[in-house]
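In: 3D, please:
(2 chains)
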Amino acid sequence: MGLRIKILSGFLILTAMLFIAGVWSIYELSSIGISVQRLLDDNYKSINAAKTMIEALEREDSAVLLLLSGKWEQGRSIMESADSFFQKGFEVAKNNITIPGEQEYVNDIESNYKTYKALWIKPVVGTKSEGNLSWYFQKVHRAFLDAKISVEKLMTLNDETMYRTASDLKNRAHRAIMPGIVAILSALIFTVIFNYLINYYMVSPIIKITEGIQKFIKGREPFDVKVETQDELYHLVSAIQELCARSRSSEAAE
Amino acid sequence: MRLHIILRYAAFVLLFNAIFFLISAAISTLNADSAFFPLLYSAIISALFGIFPLIFVPSTTKITNKEGFIIVVFGWLLSCLVGAIPYVLYGGEFTFTNAWFESVSGFTTTGSSILRNIENLPLGLLFWRSVTHWIGGVGIIIFVLSVLPSMGSAGMILYRTEMSHLAMDNFHYRTRKTLQILIVIYVGLTLAETISLLLCGMNLFDSVTHSFATIATGGFSPKNLSIAYYKSAYVELVIMIFMVLSGIHFGILFACIAGNFDGIWKSSIVRYYILALITGIIITTLNLHGNQFQSWTEALRYAAFQIISVGTSTGFATTNTSLWPSFSQLVIIFFTLQCACAGSTSGGIKVDRIVIFWKSITKRIRQIQHPNAVIIMKVNKMPVDNDVVEMGIVYICLYLGIVFISTLLLTALGVDGLSAFSGSATTMGNVGPGFGMVGSMSNFSQIPCIGKWILTADMLLGRLEIFGLIIFFLSKSWK
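Out: Down below sits the predicted model:
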């Protein structure tokens, strides 16, 4: 193999190591970006929606108590605004199904909320339910708790997924850094080996050839340099040996 | 010492690793797991480092024994380093120390792990983990069959006893002969075990990985519960048979396959090895019956598996031996120190040295009885030099000394006495599990960082027969 290919191979290998490490790091970094975006889009949105729903449910619970105490207008107005607030949160959660099993949780919220709403949508003031605390605790409050728990379950599911994604992000950050570190260390070791081989197979033979020629010129000592490889240096040595031999024979003829 | 020749042959080791990295990466792709890039990048790095010396350094078959020795030891250490790259790149539980520990444990066929949840690892990386055992086993066979017999010193003569004709050949021929043995025995046993495990109902991945670990007497399992996961007596039986076979000198197994069946029974080393295992199983069964297990069958089943597993330095587990009575634990510790035959992939002091040790005691007693008699000590009807006996005893003393020192260092780091001693003994013997916090159903994750480095040094010292590593690091060896 020629010297050019040998030297080129060294540089190509160094470049390949750094290039691949670079490409991989870029890939991992862009994956981190995508994961962060997904984290915000998928999980954070659902968690916010769940918080909205919980707040709405708590307001509705207070409104039911107002209705029970006979404050019809105040209770109804809070109830209506809380209901629309809940629907807003629910719509977000319904349209943001991204985790396996999330659909079932949303269905649970829908059915539990329907049951809860069916209890307070009917008039309370002026009926036998007004001031009936046992009706509230036995039916309304239980339905409220069921709806709240189903929303909390959705929030927990998203919380856990967010934690897992964040942990994965830590691993991805590690994977983005490590190829660079490995490539740098490998390149350093490779440079030492490359330098050793260049020195052994190229620099040393050149020094030996130079010394051989000088010895030949000064002391007419025979040019006896041996090169292990079959490259340009080998051909150079052969050519010099031939030159020396011709020079000797012409001298002898004179 | 021609450094460039060492680089050229070390390059073959790297290329060999690169091929298995690629196979592991392919498995990773098939399972669409997250280990693909770490394995692929490791393959590329390994291949690039491997190709380069082949471009520069011209081929030569004239390798001196000293160079052959350096090539194998250097190749081994290089494999350990390169083998840690996919772990480091993957991250998770793998810090650099943990990755180095897992890689050294794999290549030295120790089988101790720092992983708390093995099953959490992607299949590609699990496959690589088992492959490190298998490659390590290849290295051991080359080391003990073609490198050590050439070294001439008394310690290495041990390996000549069974394969004396091989020791007389030159390094190149010996390596060729070793490769022949490797292909027939090592690959043959691996294939046979894989097929047997498949017939027992194990899936292909588990069969292959367990076969790699058994034939190399490693002990890495892709399951957290090791062999206990399968709850199958057939699986245990198959693994036990192959563990026993892997503990016998590969030259003897080769001779057996070549038609010389008598050789295996004529060898006093093999006879002692089998007898020791049977005795160990019987006394442990007796101790366990009524203590840990109510039926004789259960006591025999678990005792046999654990004794063979430790006695061959494999390290698979079917039960938590940390809960066993002290007597059984001490029997296991004895086998952890002794292990199997020289010339196999097994670690430890080796039965050969134990046999020489006992015979030297007998000789000494007879010498006291008959002061003027000329008593010649023989192993396998061959006279054993005083140098070999002396070196065997020195080796045993040094071995136990290193175990004691590393136990001392581990206890200084806050590790409890039992875990420190059993951890040191098990890593030095390349066995795998110990007792206490490093028991058969636990792992080495709780050992402090420095402690892990001490234990990896033990693994390398044990695997390279102590003197192998010392000679490698002495500057005189490189001149």
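
In: So A:K122 belongs to a helix, correct?
Out: No: A:K122 is assigned coil when assessed by DSSP: H, G, I helix; E, B strand; the rest coil, not a helix.

In: Let me see the confidence value for it.
Out: pLDDT recorded at A:K122 is 76.

In: count of residues packed around the closest residue in space to A:K51 that isn't next to it in sequence?
Out: Nearest residue to A:K51, sequence neighbours excluded (Cβ to Cβ, 6 or more residues apart in numbering or on different chains): A:M155, at 7.2 Å. From N, CA and C alone the C-beta is placed, and that goes for glycine too. Residues within reach of A:M155, counting by other Cβ atoms under 10 Å in any protein chain shown, total 19.

In: likewise B:S112?
Out: Using other Cβ under 10 Å, the number of residues around B:S112 comes to 30.

In: what about it, distance to chain A?
Out: Going from B:S112 to chain A by Cβ to the nearest Cβ, to the nearest Å gives 24 Å.

In: related to what we said a few turns ago, for the strand or helix carrying the residue nearest to A:K51, what is the distance to the chain centroid?
Out: Element membership of A:M155 [criterion: DSSP states H and E] is helix A:141-198. Relative to the centre of its chain, helix A:141-198 is centred 6 Å away, using Cα atoms, centre = their mean, to the nearest Å.

In: do stretch B:16-29 as well
Out: 23 Å.

In: next one: stretch B:347-354
Out: Worked out by Cα atoms, centre = their mean, stretch B:347-354 lies 12 Å from the chain centre.

In: Ends of it, what's the gap?
Out: One end of stretch B:347-354 to the other measures 13 Å (Cα to Cα, to the nearest Å).

In: Which residues does that stretch contact?
Out: For stretch B:347-354, contacts defined as Cβ atoms under 8 Å, 6 or more residues apart in numbering or on different chains pick out B:108-110, B:158, B:161, B:217, B:269, B:272-273, B:276, B:313, B:336-342, B:379, B:392, B:395-396, B:399, B:428-431, B:462-463.

In: backbone phi and psi for the closest residue to B:Q292 other than its chain neighbours, please?
Out: Leaving aside its sequence neighbours, B:Q292 sits nearest to B:W324 (Cβ to Cβ, 6+ apart; 6.0 Å). When read as degrees, to the nearest 10, the backbone of B:W324 gives phi -80, psi 160.

In: my guess is B:W324 contacts B:L288, does it?
Out: Yes: with contact defined as Cβ atoms under 8 Å, B:W324 reaches B:L288; the gap is 6.8 Å.

In: do stretch A:188-196 and chain B meet?
Out: Yes: for stretch A:188-196, a contact with chain B is found by Cβ under 8 Å from any Cβ of the partner chain, at A:189-190, A:193-194, A:196.

In: Show me the helices in chain A, by range?
Out: Assigned by DSSP state H, chain A shows helices spanning A:3-38, A:45-68, A:72-94, A:102-120, A:133-135, A:141-198, A:204-219, A:232-253.

In: Looking at those helices, spot the one closest to B:V73.
Out: Shortest separation from B:V73 across the helices of chain A is recorded for helix A:141-198, at 18.0 Å, computed as Cβ to Cβ.

In: Looking at that closest one now, give me its mean pLDDT.
Out: In the prediction, helix A:141-198 has an average pLDDT of 89.

In: and the closest residue to chain A within the stretch 1-150 of chain B, backbone torsions?
Out: Proximity to chain A, evaluated over the stretch 1-150 of chain B using Cβ to the nearest Cβ, is greatest for B:G91 at 3.9 Å. Phi and psi for B:G91, reported as degrees, to the nearest 10, are phi 80, psi -130.

In: Report the separation between the residue nearest to B:Q292 and chain A.
Out: 38 Å.

In: ok, that residue - how many residues close by?
Out: B:W324: 24 neighbours (other Cβ under 10 Å).

In: Got a PyMOL select line for the buried ones in the residues of stretch A:188-196 next to chain B?
Out: Buried residues among these (16 or more other Cβ atoms under 10 Å in any protein chain shown), as a PyMOL selection:
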select buried, chain A and resi 190+193+194
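
In: about what we covered before: going through the contacts of stretch B:347-354, which ones are buried?
Out: B:108-110, B:158, B:161, B:217, B:269, B:272-273, B:276, B:313, B:336-342, B:379, B:392, B:395-396, B:399, B:428-431, B:462-463.

In: tell me the contacts of residue 193?
Out: By default, I'm working from chain A. B:7, B:49, B:52-53.

In: wrong one, I was asking about chain B
Out: Contacts of B:E193 (Cβ under 8 Å, 6+ apart): B:207, B:210-211, B:214-215, B:238-239, B:242.

In: Now it. Its backbone dihedrals?
Out: The phi/psi pair for B:E193 (degrees, to the nearest 10) is phi -70, psi -40.

In: With adjacent residues omitted, what lies nearest to A:K117?
Out: A:D83 (7.2 Å).

In: Tell me who's in contact with B:L15.
Out: B:46-47, B:50-51.

In: Does it lie in a helix or a strand, and which?
Out: helix B:3-30.

In: Could you pull up phi and psi at B:F293?
Out: Dihedral angles for B:F293 - degrees, to the nearest 10 - are phi -120, psi 140.

In: The closest residue to chain B within the stretch 101-250 of chain A - nearest residue in space that isn't next to it in sequence?
Out: Across the stretch 101-250 of chain A, the shortest distance to chain B (Cβ to the nearest Cβ) belongs to A:H174, at 3.9 Å. Leaving aside its sequence neighbours, A:H174 sits nearest to B:G91 (Cβ to Cβ, 6+ apart; 3.9 Å).

In: And the pLDDT at residue 250?
Out: In the absence of a named chain, this looks at chain A. Value for A:S250, per-residue pLDDT: 81.

In: think we crossed wires, I meant chain B
Out: pLDDT at B:F250 comes out at 82.

In: Test my guess that it contacts B:V187.
Out: No: the criterion here is Cβ under 8 Å, and B:F250 misses it with B:V187 at 11.7 Å.

In: Between those two, point out the one with more neighbours.
Out: Set B:F250 next to B:V187 and count neighbours by other Cβ under 10 Å: B:F250 wins out with 27 against 13.

In: now the spatially closest residue to the more buried one that is not a sequence neighbour: how far from B:I252?
Out: Setting aside the residues directly before and after it, B:F250 is nearest to B:I185 in space (Cβ to Cβ, 6+ apart), at 5.1 Å. Noted for B:I185: a distance of 10 Å to B:I252, by Cβ to Cβ, to the nearest Å.

In: residues in contact with A:E232?
Out: Contacts for A:E232 were tallied using Cβ under 8 Å, 6+ apart; they are A:2-3.

In: same thing but 10 Å
Out: If you count contacts by Cβ atoms under 10 Å, 6 or more residues apart in numbering or on different chains, A:E232 has them with A:2-4, A:6, A:202.

In: Report the residue spans of the chain with pLDDT below the cut-off.
Out: This is for chain A. A:124-126, A:129 (pLDDT under 70).

In: The intended chain is chain B.
Out: Using pLDDT under 70, the flagged stretches of chain B are B:144-176, B:178, B:477-478.

In: tell me which parts of it are close to chain A?
Out: B:2-4, B:7, B:34, B:37-38, B:40-42, B:44-49, B:51-58, B:60, B:81-82, B:85, B:88-92, B:94, B:96 (Cβ under 10 Å from any Cβ of the partner chain).

In: try it again with 6 Å
Out: Within reach of chain A by Cβ under 6 Å from any Cβ of the partner chain, chain B has these residues: B:4, B:37, B:41, B:44-45, B:48, B:52, B:55-56, B:58, B:88-89, B:91.

In: got the residues of the stretch 1-150 of chain A near chain B?
Out: Residues of the stretch 1-150 of chain A lying near chain B (Cβ under 6 Å from any Cβ): A:6, A:9, A:13, A:20, A:24.
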